[in-house]
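> here's my sequence, what's the structure:
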Amino acid sequence: MQLVPILIEPSLLGVAFALTAVIYVGNLVALSYWARAEARTRNGSALWTFIFLVAGIGLIYYIWIRYVRNDWESRTEPTDRRERLVTAYSLAVLLSFVVGVFVTPPDPVTQVMALPPLFVVSFVVSYLLVTQGSVGGSGETSV
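Have a look, this model is predicted:
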């Protein structure tokens, strides 16, 4: 009777590993696009912006300054929908990783299996945070 869970679990684990890899590769693509867009609108270096955003603390600092404190220098053009989506995606990856560290046991296999569902929930939360301006309390779309 234990044969069925043994056959199902490796395939579920393989799907979880594949989804986790896709999420992290997608995050690199999203961060690349986001860094290029930020550097272009702020007349900065795309490479240094990418390095800043790839570092976890740099991403946290950017989100804090840009969306929580709303204390960032002005841009030459407002953010478009695609840029807000990649911002939400990158924030969701970071948020799901941090939440996964606290809610799962210190087992890498369990953390990998928990990352895809945590990412889905984190993406919804971060999308609302970034697009609706819910942190600033204004209720308007962040631009």
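> so which other helices or strands are in contact with the worst-scoring helix or strand of the chain on mean pLDDT?
When each helix and strand of the chain is scored by mean pLDDT, DSSP states H and E, helix 56-63 comes last, with a mean of 75. With contacts defined as 3 or more C-beta pairs under 8 Å, 6 or more residues apart in numbering; DSSP states H and E, the packing partners of helix 56-63 are helix 46-54, helix 81-103. From N, CA and C alone the C-beta is placed, and that goes for glycine too.
> and the ones you listed as CSV, adding distance to Met113?
Output for those, formatted as CSV (distance: least, C-beta to C-beta, whole Å):
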stretch, distance to Met113
helix 46-54, 25
helix 81-103, 10
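> coming back round to it: list the buried ones in the least confident helix or strand of the chain?
Leu59, Tyr62, Ile63 (16 or more other C-beta atoms under 10 Å).
> can you give the distance of that helix from its chain's centre?
Counting by C-alpha atoms, centre = their mean, to the nearest Å, helix 56-63 is centred 11 Å from the centre of its parent chain.
> who's in contact with it?
Residues outside helix 56-63 that contact it (C-beta atoms under 8 Å, 6 or more residues apart in numbering) are Ile51, Phe52, Leu53, Ser90, Leu91, Leu94.
> cool, stretch 25-37 as well?
Around stretch 25-37, the neighbours that count as contacts under C-beta under 8 Å, 6+ apart are 46-47, 49-50, 52-54, 79, 82-83, 86-87, 89-90, 93.
> thinking again about what came up before, tell me the angle the least confident helix or strand of the chain makes with helix 46-54.
100 degrees (axes from the mean of the first three to the mean of the last three C-alpha atoms, to 10 degrees).
> fine, thanks again, bye for now.
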